[in-house]
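Chemist: make a model of this:
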Amino acid sequence: MTEPSTFEEAQAELEQIVSRLEQGQASLDEALALWERGEQLYAFCRAKLDAAQGKVEELARRVEEARP
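Modeler: Take a look at the predicted model:
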């Protein structure tokens, strides 16, 4: 499986996986594969969110430093 190109793409795929697992129709092997893919997508989303938070904090710091 390929890595998503955007946060939104990863989030949408993760939501589909959660829905599929909640339905309880997947075989054990399929459920494990879906779970593993879900963990990969979660890590991707978490990294994107952490990076965005870091950028926001940096911008806020710059604004604060620019104030007289």
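
Chemist: then stretch 43-60 to CSV, C-alphas only?
Modeler: Extracted as CSV, the C-alpha positions of stretch 43-60 are listed here (Å, rounded to 0.1, in the frame of the first residue of the first chain):
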residue,chain,number,x,y,z
ALA,A,43,1.1,7.6,12.3
PHE,A,44,1.1,9.6,9.0
CYS,A,45,-1.8,11.8,10.3
ARG,A,46,-0.1,12.3,13.7
ALA,A,47,3.1,13.3,12.0
LYS,A,48,1.3,15.8,9.8
LEU,A,49,-0.6,17.3,12.8
ASP,A,50,2.6,17.5,14.8
ALA,A,51,4.3,19.3,12.0
ALA,A,52,1.4,21.7,11.6
GLN,A,53,1.4,22.4,15.3
GLY,A,54,5.1,23.2,15.2
LYS,A,55,4.6,25.6,12.4
VAL,A,56,1.7,27.4,14.2
GLU,A,57,3.8,27.6,17.4
GLU,A,58,6.7,29.0,15.4
LEU,A,59,4.5,31.6,13.7
ALA,A,60,2.9,32.6,17.0
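
Chemist: buried set for that stretch?
Modeler: Neighbour-count burial for stretch 43-60, with 16 or more other CB atoms under 10 Å as criterion, is recorded at 44-45, 48. For every residue, glycine as well, the C-beta is placed using N, CA and C.

Chemist: tell me which residues touch the most centrally placed residue in the chain, please.
Modeler: Within the chain, one residue has its C-alpha closest to the average C-alpha position: by CA atoms, centre = their mean, that is C45, at 1.9 Å. Listed by CB atoms under 8 Å, 6 or more residues apart in numbering, the contact set of C45 reads 7, 10-11, 14.
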